[in-house]
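Visitor: Got a sequence here, can you build the structure:
(3 chains)
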Amino acid sequence: MAAMVINGVIDGLSWILLVAGGFFYLVGAIGLVRMPDVFTRMHAGSLSDTLGAGLLIAGMVLQAGPTLVAAKLIIILGVLLFTGAVATHALARAALQDKMHPLVSIPGKGKLIEMAAEDAVVPVTDLVPMARIKNRLNPGGSKP
Amino acid sequence: MMFAVAIIAVLLALTLTVWRALKGPTVFDRLLAANSVGTGAILLLALFGFMTGRPEFLDLGLTYVLLNIIGTLAVLKYFRYGSLAHGGEDEETET
Amino acid sequence: MVLLTLMAAITIGIVRLRNLFAVVVLGGIYSFLMASVLIVLDAVDVAMTEASVGAGISTVLMLGTLHLTKSEETVPTHTPILPLFVAVVTGAALIYGTFGLPPFGIADTPMHAGPGGDYLALSIPDTGVANVVTSVLSSYRGFDTLGETTVVFTAGIAVLLLLKRAIRPQSDK
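Guide: Residues are numbered from 1 along each chain as shown, chains lettered A, B, ... in the order given. A predicted model of the protein is given here:
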(Lines give C-alpha, C1' and ligand atoms only; values in the text may rest on other atoms or scores of the structure.)
Protein backbone atom coordinates (compact mmCIF):
# COMPACT_ATOMS: atom_id res chain seq x y z
CA MET A 1 0.00 0.00 0.00
CA ALA A 2 2.71 2.44 0.98
CA ALA A 3 4.71 1.47 -2.07
CA MET A 4 1.71 2.25 -4.25
CA VAL A 5 1.37 5.68 -2.68
CA ILE A 6 5.04 6.39 -3.18
CA ASN A 7 4.83 5.24 -6.79
CA GLY A 8 1.86 7.50 -7.34
CA VAL A 9 3.69 10.46 -5.86
CA ILE A 10 6.75 9.78 -8.00
CA ASP A 11 4.62 9.45 -11.11
CA GLY A 12 2.86 12.72 -10.34
CA LEU A 13 6.12 14.50 -9.77
CA SER A 14 7.48 13.12 -13.05
CA TRP A 15 4.38 14.32 -14.84
CA ILE A 16 4.79 17.80 -13.43
CA LEU A 17 8.51 17.94 -14.19
CA LEU A 18 8.19 16.56 -17.70
CA VAL A 19 5.30 18.81 -18.65
CA ALA A 20 7.04 21.85 -17.16
CA GLY A 21 10.26 20.90 -18.93
CA GLY A 22 8.49 20.50 -22.23
CA PHE A 23 6.76 23.81 -21.71
CA PHE A 24 9.99 25.67 -21.01
CA TYR A 25 11.73 23.94 -23.88
CA LEU A 26 8.95 25.06 -26.20
CA VAL A 27 9.04 28.59 -24.80
CA GLY A 28 12.77 28.75 -25.43
CA ALA A 29 12.28 27.63 -29.02
CA ILE A 30 9.53 30.20 -29.54
CA GLY A 31 11.91 32.81 -28.22
CA LEU A 32 14.52 31.57 -30.64
CA VAL A 33 12.14 32.38 -33.46
CA ARG A 34 10.60 35.58 -32.15
CA MET A 35 13.54 37.51 -30.70
CA PRO A 36 14.93 40.35 -32.76
CA ASP A 37 18.68 39.76 -32.89
CA VAL A 38 21.37 37.18 -32.26
CA PHE A 39 22.13 38.07 -28.68
CA THR A 40 18.55 37.99 -27.51
CA ARG A 41 18.08 34.73 -29.37
CA MET A 42 21.01 33.32 -27.42
CA HIS A 43 19.24 34.40 -24.27
CA ALA A 44 16.10 32.54 -25.31
CA GLY A 45 18.05 29.49 -26.40
CA SER A 46 19.78 29.28 -23.04
CA LEU A 47 16.36 28.96 -21.40
CA SER A 48 15.60 25.80 -23.29
CA ASP A 49 19.10 24.46 -22.71
CA THR A 50 19.08 24.92 -18.95
CA LEU A 51 15.57 25.00 -17.54
CA GLY A 52 13.88 22.92 -20.21
CA ALA A 53 16.51 20.21 -20.44
CA GLY A 54 17.06 20.28 -16.67
CA LEU A 55 13.41 19.71 -15.84
CA LEU A 56 12.99 17.04 -18.50
CA ILE A 57 16.03 15.16 -17.25
CA ALA A 58 14.89 15.54 -13.64
CA GLY A 59 11.58 13.98 -14.60
CA MET A 60 13.35 11.09 -16.28
CA VAL A 61 15.64 10.60 -13.28
CA LEU A 62 12.58 10.24 -11.07
CA GLN A 63 11.23 7.58 -13.40
CA ALA A 64 14.55 5.74 -13.56
CA GLY A 65 15.04 5.43 -9.82
CA PRO A 66 18.46 5.04 -8.25
CA THR A 67 20.09 3.10 -11.06
CA LEU A 68 22.95 3.49 -13.50
CA VAL A 69 20.51 5.10 -15.93
CA ALA A 70 19.92 7.94 -13.50
CA ALA A 71 23.67 8.43 -13.14
CA LYS A 72 24.05 8.66 -16.90
CA LEU A 73 21.20 11.15 -17.10
CA ILE A 74 22.82 13.32 -14.47
CA ILE A 75 26.14 13.17 -16.31
CA ILE A 76 24.39 14.21 -19.53
CA LEU A 77 22.73 17.10 -17.71
CA GLY A 78 26.04 18.24 -16.24
CA VAL A 79 27.81 18.12 -19.57
CA LEU A 80 24.90 19.98 -21.18
CA LEU A 81 25.03 22.73 -18.59
CA PHE A 82 28.78 23.24 -18.91
CA THR A 83 28.98 23.02 -22.68
CA GLY A 84 25.90 25.18 -23.15
CA ALA A 85 27.51 28.01 -21.25
CA VAL A 86 30.80 27.61 -23.09
CA ALA A 87 29.17 27.43 -26.50
CA THR A 88 26.98 30.46 -25.87
CA HIS A 89 29.92 32.46 -24.63
CA ALA A 90 32.02 31.53 -27.66
CA LEU A 91 29.09 32.32 -29.94
CA ALA A 92 28.58 35.77 -28.44
CA ARG A 93 32.27 36.46 -28.63
CA ALA A 94 32.53 35.40 -32.24
CA ALA A 95 29.45 37.47 -33.10
CA LEU A 96 31.00 40.53 -31.51
CA GLN A 97 34.23 39.93 -33.37
CA ASP A 98 32.26 39.78 -36.57
CA LYS A 99 31.10 43.35 -35.97
CA MET A 100 27.59 42.54 -34.89
CA HIS A 101 26.19 44.87 -32.31
CA PRO A 102 23.56 44.03 -29.76
CA LEU A 103 20.29 45.91 -29.81
CA VAL A 104 19.88 48.26 -26.90
CA SER A 105 16.84 50.05 -25.63
CA ILE A 106 16.90 53.78 -25.11
CA PRO A 107 15.03 54.89 -22.00
CA GLY A 108 11.90 56.79 -22.84
CA LYS A 109 11.79 55.81 -26.46
CA GLY A 110 10.78 52.20 -26.29
CA LYS A 111 12.51 51.44 -29.55
CA LEU A 112 15.42 49.11 -30.12
CA ILE A 113 18.40 50.40 -32.03
CA GLU A 114 21.56 48.63 -33.00
CA MET A 115 24.40 49.55 -30.73
CA ALA A 116 26.82 50.98 -33.24
CA ALA A 117 28.67 54.11 -32.24
CA GLU A 118 27.70 56.10 -35.32
CA ASP A 119 24.03 55.29 -35.11
CA ALA A 120 23.60 56.12 -31.46
CA VAL A 121 21.81 59.44 -31.28
CA VAL A 122 21.99 59.66 -27.52
CA PRO A 123 25.22 59.75 -25.53
CA VAL A 124 26.45 56.37 -24.52
CA THR A 125 25.95 57.15 -20.86
CA ASP A 126 22.20 57.43 -21.38
CA LEU A 127 21.92 53.90 -22.60
CA VAL A 128 21.18 50.90 -20.51
CA PRO A 129 24.22 49.24 -18.96
CA MET A 130 24.46 46.89 -21.90
CA ALA A 131 26.15 49.79 -23.68
CA ARG A 132 29.35 48.74 -22.00
CA ILE A 133 29.50 46.30 -24.84
CA LYS A 134 30.82 49.11 -26.97
CA ASN A 135 34.11 48.42 -25.30
CA ARG A 136 34.71 45.39 -27.43
CA LEU A 137 37.71 44.29 -25.44
CA ASN A 138 35.27 43.37 -22.72
CA PRO A 139 33.10 40.72 -24.36
CA GLY A 140 32.18 39.32 -21.00
CA GLY A 141 29.47 41.93 -20.92
CA SER A 142 27.69 40.17 -23.72
CA LYS A 143 26.54 37.26 -21.67
CA PRO A 144 22.81 36.86 -21.96
CA MET B 1 2.22 8.62 -21.73
CA MET B 2 4.01 11.37 -19.88
CA PHE B 3 7.01 10.83 -22.11
CA ALA B 4 4.80 11.17 -25.17
CA VAL B 5 3.72 14.63 -24.03
CA ALA B 6 7.33 15.68 -23.55
CA ILE B 7 8.29 14.19 -26.92
CA ILE B 8 5.60 16.21 -28.64
CA ALA B 9 6.86 19.36 -26.95
CA VAL B 10 10.44 18.63 -27.98
CA LEU B 11 9.38 17.90 -31.54
CA LEU B 12 7.51 21.19 -31.76
CA ALA B 13 10.53 22.97 -30.37
CA LEU B 14 12.74 21.24 -32.93
CA THR B 15 10.44 22.45 -35.68
CA LEU B 16 10.71 26.03 -34.50
CA THR B 17 14.46 25.73 -34.15
CA VAL B 18 14.86 24.36 -37.63
CA TRP B 19 12.75 27.21 -38.92
CA ARG B 20 15.17 29.63 -37.28
CA ALA B 21 18.09 27.76 -38.80
CA LEU B 22 16.60 28.06 -42.26
CA LYS B 23 15.56 31.67 -41.84
CA GLY B 24 18.40 32.99 -39.70
CA PRO B 25 19.87 36.07 -41.27
CA THR B 26 23.38 35.51 -39.94
CA VAL B 27 25.51 32.44 -39.59
CA PHE B 28 25.43 32.83 -35.82
CA ASP B 29 21.69 32.33 -35.80
CA ARG B 30 22.15 29.11 -37.67
CA LEU B 31 24.88 28.02 -35.30
CA LEU B 32 22.72 28.72 -32.29
CA ALA B 33 19.94 26.75 -33.90
CA ALA B 34 22.33 23.90 -34.66
CA ASN B 35 23.37 23.78 -31.04
CA SER B 36 19.75 23.72 -29.96
CA VAL B 37 18.94 20.97 -32.44
CA GLY B 38 21.76 18.93 -30.94
CA THR B 39 20.30 19.37 -27.46
CA GLY B 40 16.87 18.55 -28.79
CA ALA B 41 18.16 15.38 -30.41
CA ILE B 42 19.68 14.28 -27.10
CA LEU B 43 16.47 14.91 -25.20
CA LEU B 44 14.43 13.21 -27.90
CA LEU B 45 16.75 10.22 -27.71
CA ALA B 46 16.47 9.96 -23.93
CA LEU B 47 12.70 10.42 -23.93
CA PHE B 48 12.18 7.93 -26.71
CA GLY B 49 14.36 5.43 -24.88
CA PHE B 50 12.23 5.82 -21.78
CA MET B 51 8.99 5.63 -23.72
CA THR B 52 9.95 2.34 -25.32
CA GLY B 53 11.41 1.04 -22.09
CA ARG B 54 14.98 0.87 -23.31
CA PRO B 55 16.95 3.53 -21.45
CA GLU B 56 20.22 1.97 -22.62
CA PHE B 57 20.09 4.50 -25.45
CA LEU B 58 21.56 6.99 -23.04
CA ASP B 59 25.13 6.02 -23.88
CA LEU B 60 24.41 7.46 -27.31
CA GLY B 61 23.16 10.60 -25.66
CA LEU B 62 26.52 11.08 -24.00
CA THR B 63 28.20 10.79 -27.39
CA TYR B 64 25.82 13.32 -28.86
CA VAL B 65 26.56 15.86 -26.14
CA LEU B 66 30.27 15.66 -26.80
CA LEU B 67 29.83 15.80 -30.57
CA ASN B 68 27.57 18.80 -30.28
CA ILE B 69 30.08 20.85 -28.37
CA ILE B 70 32.92 19.79 -30.65
CA GLY B 71 31.00 20.84 -33.75
CA THR B 72 29.95 24.21 -32.36
CA LEU B 73 33.37 25.07 -31.02
CA ALA B 74 35.08 24.04 -34.26
CA VAL B 75 32.86 26.33 -36.31
CA LEU B 76 33.31 29.20 -33.87
CA LYS B 77 37.05 28.77 -33.78
CA TYR B 78 37.05 28.85 -37.53
CA PHE B 79 35.21 32.14 -37.40
CA ARG B 80 37.59 33.76 -34.99
CA TYR B 81 40.85 32.65 -36.48
CA GLY B 82 39.97 31.75 -40.03
CA SER B 83 41.62 28.38 -39.59
CA LEU B 84 41.29 25.30 -37.47
CA ALA B 85 45.02 24.74 -36.94
CA HIS B 86 45.59 28.12 -35.39
CA GLY B 87 46.45 28.39 -31.73
CA GLY B 88 44.69 30.78 -29.40
CA GLU B 89 47.77 32.62 -28.25
CA ASP B 90 46.95 36.01 -29.79
CA GLU B 91 43.53 36.17 -28.27
CA GLU B 92 43.97 39.50 -26.56
CA THR B 93 45.87 41.36 -29.24
CA GLU B 94 43.63 40.48 -32.10
CA THR B 95 40.82 42.85 -31.36
CA MET C 1 7.14 11.92 -39.77
CA VAL C 2 7.85 15.32 -38.29
CA LEU C 3 11.55 14.61 -38.39
CA LEU C 4 11.43 13.59 -42.03
CA THR C 5 9.55 16.76 -42.91
CA LEU C 6 12.17 18.80 -41.11
CA MET C 7 14.90 16.95 -43.00
CA ALA C 8 13.24 17.78 -46.29
CA ALA C 9 13.03 21.42 -45.24
CA ILE C 10 16.71 21.44 -44.33
CA THR C 11 17.60 19.91 -47.67
CA ILE C 12 15.71 22.57 -49.57
CA GLY C 13 17.45 25.18 -47.45
CA ILE C 14 20.84 23.70 -48.27
CA VAL C 15 20.07 23.73 -51.96
CA ARG C 16 18.89 27.33 -51.90
CA LEU C 17 21.71 28.79 -49.85
CA ARG C 18 24.82 30.21 -51.40
CA ASN C 19 26.83 30.81 -48.25
CA LEU C 20 28.86 27.68 -47.68
CA PHE C 21 29.34 28.25 -43.94
CA ALA C 22 25.61 28.15 -43.49
CA VAL C 23 25.46 25.03 -45.61
CA VAL C 24 27.96 23.30 -43.33
CA VAL C 25 25.96 24.27 -40.26
CA LEU C 26 22.73 23.05 -41.84
CA GLY C 27 24.48 19.82 -42.74
CA GLY C 28 25.21 19.29 -39.06
CA ILE C 29 21.55 19.84 -38.20
CA TYR C 30 20.56 17.41 -40.93
CA SER C 31 22.82 14.76 -39.45
CA PHE C 32 21.34 15.14 -36.00
CA LEU C 33 17.82 14.83 -37.39
CA MET C 34 18.84 11.80 -39.43
CA ALA C 35 20.29 10.20 -36.31
CA SER C 36 17.02 10.81 -34.49
CA VAL C 37 15.08 9.16 -37.31
CA LEU C 38 17.39 6.16 -37.17
CA ILE C 39 16.87 5.85 -33.44
CA VAL C 40 13.12 5.86 -33.91
CA LEU C 41 13.64 3.10 -36.48
CA ASP C 42 15.55 1.15 -33.79
CA ALA C 43 18.89 1.22 -35.60
CA VAL C 44 20.94 2.57 -32.74
CA ASP C 45 24.38 1.67 -34.07
CA VAL C 46 23.72 3.33 -37.42
CA ALA C 47 22.45 6.37 -35.56
CA MET C 48 25.67 6.51 -33.58
CA THR C 49 27.73 6.34 -36.77
CA GLU C 50 25.58 8.97 -38.44
CA ALA C 51 25.96 11.36 -35.54
CA SER C 52 29.69 10.99 -35.16
CA VAL C 53 30.50 10.99 -38.87
CA GLY C 54 27.87 13.43 -40.10
CA ALA C 55 27.72 15.92 -37.28
CA GLY C 56 31.20 15.57 -35.87
CA ILE C 57 33.89 14.64 -38.33
CA SER C 58 32.45 15.91 -41.58
CA THR C 59 31.64 19.33 -40.12
CA VAL C 60 35.24 19.76 -39.05
CA LEU C 61 36.59 18.44 -42.34
CA MET C 62 34.28 20.66 -44.37
CA LEU C 63 35.47 23.67 -42.40
CA GLY C 64 39.06 22.74 -43.11
CA THR C 65 38.14 22.53 -46.77
CA LEU C 66 36.34 25.86 -46.68
CA HIS C 67 39.54 27.40 -45.47
CA LEU C 68 41.10 26.45 -48.80
CA THR C 69 38.31 27.80 -50.98
CA LYS C 70 35.92 30.68 -51.09
CA SER C 71 32.95 30.75 -48.77
CA GLU C 72 30.45 31.79 -51.42
CA GLU C 73 29.16 29.38 -54.00
CA THR C 74 29.27 30.68 -57.54
CA VAL C 75 26.02 30.90 -59.43
CA PRO C 76 25.78 27.97 -61.83
CA THR C 77 25.73 28.82 -65.49
CA HIS C 78 23.93 25.79 -66.89
CA THR C 79 20.31 24.92 -66.30
CA PRO C 80 19.76 21.84 -64.15
CA ILE C 81 16.91 20.34 -66.17
CA LEU C 82 18.57 17.07 -67.19
CA PRO C 83 20.00 16.26 -63.72
CA LEU C 84 16.61 17.07 -62.22
CA PHE C 85 14.96 14.64 -64.64
CA VAL C 86 17.46 11.88 -63.81
CA ALA C 87 17.02 12.45 -60.06
CA VAL C 88 13.23 12.42 -60.29
CA VAL C 89 13.18 9.21 -62.33
CA THR C 90 15.59 7.48 -59.95
CA GLY C 91 13.59 8.60 -56.95
CA ALA C 92 10.36 7.38 -58.50
CA ALA C 93 11.95 4.01 -59.25
CA LEU C 94 13.18 3.70 -55.65
CA ILE C 95 9.77 4.62 -54.24
CA TYR C 96 8.18 2.07 -56.58
CA GLY C 97 10.67 -0.47 -55.22
CA THR C 98 9.62 0.16 -51.63
CA PHE C 99 6.12 -1.13 -52.44
CA GLY C 100 7.62 -4.58 -52.83
CA LEU C 101 9.25 -4.56 -49.41
CA PRO C 102 7.76 -6.64 -46.60
CA PRO C 103 6.11 -4.70 -43.75
CA PHE C 104 8.40 -3.15 -41.17
CA GLY C 105 9.50 -5.47 -38.37
CA ILE C 106 7.80 -8.64 -39.59
CA ALA C 107 9.63 -11.85 -38.71
CA ASP C 108 9.19 -14.31 -41.61
CA THR C 109 10.79 -12.29 -44.39
CA PRO C 110 13.31 -13.82 -46.83
CA MET C 111 16.01 -11.83 -45.05
CA HIS C 112 15.40 -13.67 -41.81
CA ALA C 113 14.87 -17.10 -43.42
CA GLY C 114 18.43 -17.25 -44.76
CA PRO C 115 21.62 -18.19 -42.94
CA GLY C 116 21.25 -15.44 -40.36
CA GLY C 117 19.88 -17.83 -37.77
CA ASP C 118 22.88 -20.09 -38.17
CA TYR C 119 25.16 -17.18 -37.38
CA LEU C 120 23.12 -16.36 -34.31
CA ALA C 121 23.24 -19.95 -33.14
CA LEU C 122 26.84 -20.77 -33.99
CA SER C 123 28.82 -17.59 -33.46
CA ILE C 124 29.40 -17.98 -29.74
CA PRO C 125 30.59 -21.59 -29.91
CA ASP C 126 32.62 -20.82 -33.03
CA THR C 127 34.40 -17.66 -32.02
CA GLY C 128 33.78 -17.07 -28.34
CA VAL C 129 32.86 -13.44 -28.99
CA ALA C 130 29.81 -12.32 -27.03
CA ASN C 131 28.50 -9.81 -29.59
CA VAL C 132 27.26 -11.38 -32.81
CA VAL C 133 27.88 -8.31 -34.95
CA THR C 134 31.45 -8.11 -33.70
CA SER C 135 32.05 -11.78 -34.34
CA VAL C 136 30.78 -11.51 -37.91
CA LEU C 137 32.77 -8.38 -38.64
CA SER C 138 36.08 -9.35 -37.15
CA SER C 139 36.07 -13.13 -37.29
CA TYR C 140 34.00 -14.48 -40.18
CA ARG C 141 34.76 -11.49 -42.37
CA GLY C 142 38.12 -10.59 -40.89
CA PHE C 143 40.00 -10.01 -44.15
CA ASP C 144 37.15 -7.97 -45.54
CA THR C 145 37.24 -5.74 -42.49
CA LEU C 146 41.01 -5.47 -42.77
CA GLY C 147 40.61 -4.22 -46.34
CA GLU C 148 37.99 -1.69 -45.29
CA THR C 149 40.20 -0.42 -42.52
CA THR C 150 43.07 0.00 -44.97
CA VAL C 151 40.91 2.03 -47.31
CA VAL C 152 39.63 4.25 -44.53
CA PHE C 153 43.11 4.74 -43.13
CA THR C 154 44.51 5.71 -46.55
CA ALA C 155 41.69 8.16 -47.08
CA GLY C 156 42.35 9.68 -43.68
CA ILE C 157 46.04 10.14 -44.45
CA ALA C 158 45.20 11.74 -47.80
CA VAL C 159 42.74 14.17 -46.20
CA LEU C 160 45.27 15.14 -43.56
CA LEU C 161 47.94 15.77 -46.17
CA LEU C 162 45.61 17.90 -48.30
CA LEU C 163 44.45 20.01 -45.40
CA LYS C 164 47.83 20.39 -43.75
CA ARG C 165 49.82 21.49 -46.77
CA ALA C 166 47.67 24.48 -47.46
CA ILE C 167 47.31 25.56 -43.86
CA ARG C 168 51.01 25.73 -43.12
CA PRO C 169 51.92 28.98 -44.99
CA GLN C 170 49.08 30.76 -43.22
CA SER C 171 50.21 29.94 -39.73
CA ASP C 172 53.85 30.83 -40.38
CA LYS C 173 52.87 34.38 -41.09
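Visitor: Assign C:Ala130 to helix, strand or coil.
Guide: Three-state assignment for C:Ala130 (DSSP: H, G, I helix; E, B strand; the rest coil): coil.
Visitor: do you know how far it is from C:Leu66?
Guide: 43 Å (Cβ to Cβ, to the nearest Å). Backbone N, C-alpha and C define where each C-beta goes, glycine included.
Visitor: From the contact counts, what lies against the helix or strand containing B:Leu45?
Guide: Following DSSP states H and E, one finds B:Leu45 within helix B:27-51. With contacts defined as 3 or more Cβ pairs under 8 Å, 6 or more residues apart in numbering or on different chains; DSSP states H and E, helix B:27-51 has these neighbours: helix A:2-34, helix A:38-47, helix A:53-64, helix A:68-97, helix B:2-23, helix B:58-81, helix C:20-40.
Visitor: re earlier: among C:Ala130 and C:Leu66, which residue is more densely surrounded?
Guide: Ranked by neighbour count (other Cβ atoms under 10 Å in any protein chain shown), C:Ala130 and C:Leu66 place C:Leu66 first, with 17 against 9.
Visitor: C:Phe21 is in contact with that one, correct?
Guide: Yes - using Cβ atoms under 8 Å, C:Leu66 is in contact with C:Phe21, at 6.8 Å.
Visitor: Is C:Gly100 part of a helix or strand, or is it coil?
Guide: C:Gly100, by the three-state scheme (three-state DSSP), is coil.
Visitor: separation between it and chain B?
Guide: 28 Å (Cβ to the nearest Cβ, to the nearest Å).
Visitor: ditto for A:Ala58
Guide: A:Ala58 is 12 Å from chain B, by Cβ to the nearest Cβ.
Visitor: C:Thr11 too?
Guide: From C:Thr11 across to chain B, the span is 10 Å (Cβ to the nearest Cβ).
Visitor: ok, the closest residue to that residue other than its chain neighbours to A:Ala53 distance?
Guide: Closest residue to C:Thr11 in three dimensions, ignoring its sequence neighbours and counting by Cβ to Cβ, 6 or more residues apart in numbering or on different chains: C:Tyr30, at 7.0 Å. Note on C:Tyr30: its distance to A:Ala53, by Cβ to Cβ, is 22 Å.
Visitor: can you pull the contacts of A:Leu47?
Guide: A:Phe24, A:Val27, A:Gly28, A:Gly31 (Cβ atoms under 8 Å, 6 or more residues apart in numbering or on different chains).
Visitor: could I get the residues you listed as a markdown table with distance to chain B, neighbour count and pLDDT?
Guide: Shown next, in a markdown table, are these (distance: Cβ to the nearest Cβ, whole Å; neighbours: other Cβ atoms under 10 Å in any protein chain shown; pLDDT from 0 to 100):
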| residue | distance to chain B | neighbour count | pLDDT |
| --- | --- | --- | --- |
| A:Phe24 | 9 | 21 | 88 |
| A:Val27 | 9 | 17 | 88 |
| A:Gly28 | 7 | 26 | 87 |
| A:Gly31 | 9 | 20 | 87 |
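Visitor: Take those residues and write them to JSON lines, including distance to C:Ala87.
Guide: JSON lines is the format used below for the contacts of A:Leu47 (distance: Cβ to Cβ, whole Å):
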{"residue": "A:Phe24", "distance to C:Ala87": "42"}
{"residue": "A:Val27", "distance to C:Ala87": "40"}
{"residue": "A:Gly28", "distance to C:Ala87": "37"}
{"residue": "A:Gly31", "distance to C:Ala87": "38"}
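Visitor: what's the most distant pair in those?
Guide: A:Phe24 and A:Gly31 (10.3 Å; Cβ to Cβ).
Visitor: if I look at these two, which residues touch both of them?
Guide: By Cβ under 8 Å, 6+ apart, the residues touching both A:Phe24 and A:Gly31 are A:Leu47, A:Ser48.
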